[in-house]
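Colleague: Here's a sequence, model it:
(one chain, ligands or ions: 1)
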Amino acid sequence: MHITVIGTGYVGLVVGACLAETGHDVACVDVDAAKIADLQRDVLPIYEPGLEELVRRNRAHGRLAFTTDLPAALTDAEVVFIGVGTPPGSDGSADLSHVLAVAEEIGRHLRRELVIVIKSTVPVGTAARVAEVVAEHARFPFHLCSNPEFLKEGAAVEDFLRPDRVVLGVESDYARSVMAELYAPFVRTGKPILFMDIASAELTKYAANAVLATRITLMNELANLCERVGANVDHVRRGVGSDGRIGPAFLFPGPGYGGSCFPKDVKALVRTGLAVGAPLRVLAAVDEANERQQRVLFEKVRAALAAADVPLEGATVAVWGLAFKPQTDDLRESPALALGDALLAAGARVVAHDPVAMSAAKRRYADRELGDRLRFAPTSYDAAEGADVLVVATDWNEYRHPNLARIRAALARPIVVDGRNLWDPAKLAALGFAYYSIGRVT
Ligand code: UGA
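Modeller: Numbers count the residues shown, from 1 in each chain. Alright, predicted model coming up:
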């Protein structure tokens, strides 16, 4: 098939590369000429395991091309994916201007009957609006499909190639059969393709993220409770997750969920509920609790330093991990940045390390005149050198089994705030650390 993918962000790039991998001819389109020029040289705008290799291979075989020329890319297209961004507007609702602008372009330039697939995360009712906009300009029949994407950053390629399920909202047999053919290679393991109406498909995406964000937030609040009553959240988590009805995934407490999806989608769904008179009270509380949780690392650093009689102003804080989660250089809504910003505002010094996100962080702080109050260290041990406290903000694998004696020797004071519960409290205490983690008392 000839496939056009509009938008070369996380979703668009992964969809394009993975569909090319199954033999289709894929054209990926973006308005950002610099990004397209880079992609034409196999330079990717994001770090995602396995993606660069996939792009290089499929480009070399001529199945994957990058262009800014949307009309040309639509000439032969049988399926067009819309994968442009839906950033939060000022009121928390999803900004659909990119999606609707693309819809108009598709309407103007489509040259044959085709399926228009909405991959971007969009509120219920958006597909109907897209259909109206396309219909205003189109001279050929078209079929709408809502096909939300459930991939996780850091495992995006793997998630797309081996999904738990594929959700397809369709309203015509034509769209149903084209999409079933397209996805057949990815569900050979027996995972389901769930066909449904378009509104249900649109809502499923938000509902899935809402359920996951709620699980995490509930565990975060239970962790805070554990600290007050002297319980250990690790035990509680295992005890709860062993119930077959609950399951063990996504119950890990931490410094609040971040990333480009959960915070934005939770807020957008809360807005939708309010707009249609079906308030999502639980989810509104999740959003509020998560914003509070994003301050937990800062509060723990402040308390830990106070307990050691060290003023926060002027203290040096080593921060391990900047990305919102491992295997990505994405800093969006990262709890590590919430920590960094709060520390800098309080007059502390920050020395940060991250295995892949340091260039992105340097760019983020480039226009702030911080002098040597913010430094980036080449290794995690360099970051710890001379610091008054070490904070683990992201659960990168390389932070799981460090040489604790070396850290002890590097730090000016043996204080650790472990925001991801990577280390064993008893072991750290035995080595003489003042050790603080999430939902566990030392
Ligand atoms: C999330 C969903 O997991 C994907 O299914 C969805 O497709 C995606 O959003 C999206 O809407 O596009 P992602 O944001 O890449 O994926 O990352 P997650 O692995 O879900 O992690 C999100 C946040 O939750 C991170 O800050 C992570 O540290 C936190 N988290 C996750 C916890 O605090 N505890 C956990 O047990 C799991």
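Colleague: which bits of the stretch 151-300 of the chain sit near the ligand?
Modeller: Contact residues (Cβ under 6 Å from any ligand atom) of the stretch 151-300 of the chain with the ligand: 151-153, 209, 212, 216, 250-252, 254, 257-259, 261-262, 265. To be clear about C-beta, it is placed using only N, CA and C from the backbone, and glycine gets the same treatment.
Colleague: Contact partners for residue 388?
Modeller: Taking Cβ atoms under 8 Å, 6 or more residues apart in numbering, we find residue 388 in contact with 305, 308, 310, 315-317, 411-413, 415.
Colleague: so where do the helices sit in the stretch 251-400 of the chain?
Modeller: For the stretch 251-400 of the chain, the helices defined by DSSP state H, counting those that start in this stretch occupy 262-275, 281-293, 296-307, 335-345, 358-365, 380-384.
Colleague: So which of those is nearest residue 246?
Modeller: Nearest to residue 246, of all those, is helix 281-293, at 16.6 Å by Cβ to Cβ.
Colleague: For residue 434, see how far away residue 403 is.
Modeller: Distance from residue 403 to residue 434, counting by Cβ to Cβ, to the nearest Å: 19 Å.
Colleague: Skip the chain neighbours and tell me the closest residue to residue 259.
Modeller: Spatial nearest neighbour of residue 259, excluding adjacent residues (Cβ to Cβ, 6 or more residues apart in numbering): residue 324 at 4.6 Å.
Colleague: thinking the one you found is in contact with residue 396, fair?
Modeller: No. Using Cβ atoms under 8 Å, residue 324 is not in contact with residue 396; the gap is 11.7 Å.
Colleague: And the pLDDT at the most centrally placed residue in the chain?
Modeller: Closest residue to the average C-alpha location of the chain: residue 259 at 3.9 Å, with Cα atoms, centre = their mean. On the pLDDT scale, residue 259 is placed at 96.
Colleague: Number the chain from 45, please
Modeller: Got it, the first residue is 45 from now on, which makes the last one we talked about residue 303.
Colleague: quick one: it from residue 377, how far?
Modeller: 6 Å.
Colleague: Relative to residue 104, which of the helices of the stretch 295-444 of the chain is closest?
Modeller: helix 402-409 (26.8 Å).
Colleague: Any buried residues in the closest one, and which?
Modeller: By neighbour count on 16 or more other Cβ atoms under 10 Å, the buried set for helix 402-409 is 402, 404-405, 408-409.
Colleague: try stretch 195-203
Modeller: For stretch 195-203, a neighbour-count test (16+ other Cβ under 10 Å) marks 195, 197-201, 203 as buried.
Colleague: for stretch 123-134, same thing?
Modeller: Within stretch 123-134, the residues scored as buried using 16+ other Cβ under 10 Å are 123-130, 132.
Colleague: Now the residues you listed in a markdown table, please, with extra columns for distance to the ligand and secondary structure.
Modeller: Shown next, in a markdown table, are those (distance: Cβ to the nearest ligand atom, whole Å; DSSP: H, G, I helix; E, B strand; the rest coil):
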| residue | distance to the ligand | secondary structure |
| --- | --- | --- |
| 123 | 21 | strand |
| 124 | 20 | strand |
| 125 | 15 | strand |
| 126 | 15 | strand |
| 127 | 11 | coil |
| 128 | 14 | coil |
| 129 | 11 | coil |
| 130 | 10 | coil |
| 132 | 13 | strand |
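Colleague: which residues does residue 258 contact?
Modeller: Taking Cβ under 8 Å, 6+ apart as the contact definition, residue 258 lies against 326-327, 330.
Colleague: I'd guess residue 187 is in a strand, am I close?
Modeller: Yes. Counting by DSSP: H, G, I helix; E, B strand; the rest coil, residue 187 is found in a strand.
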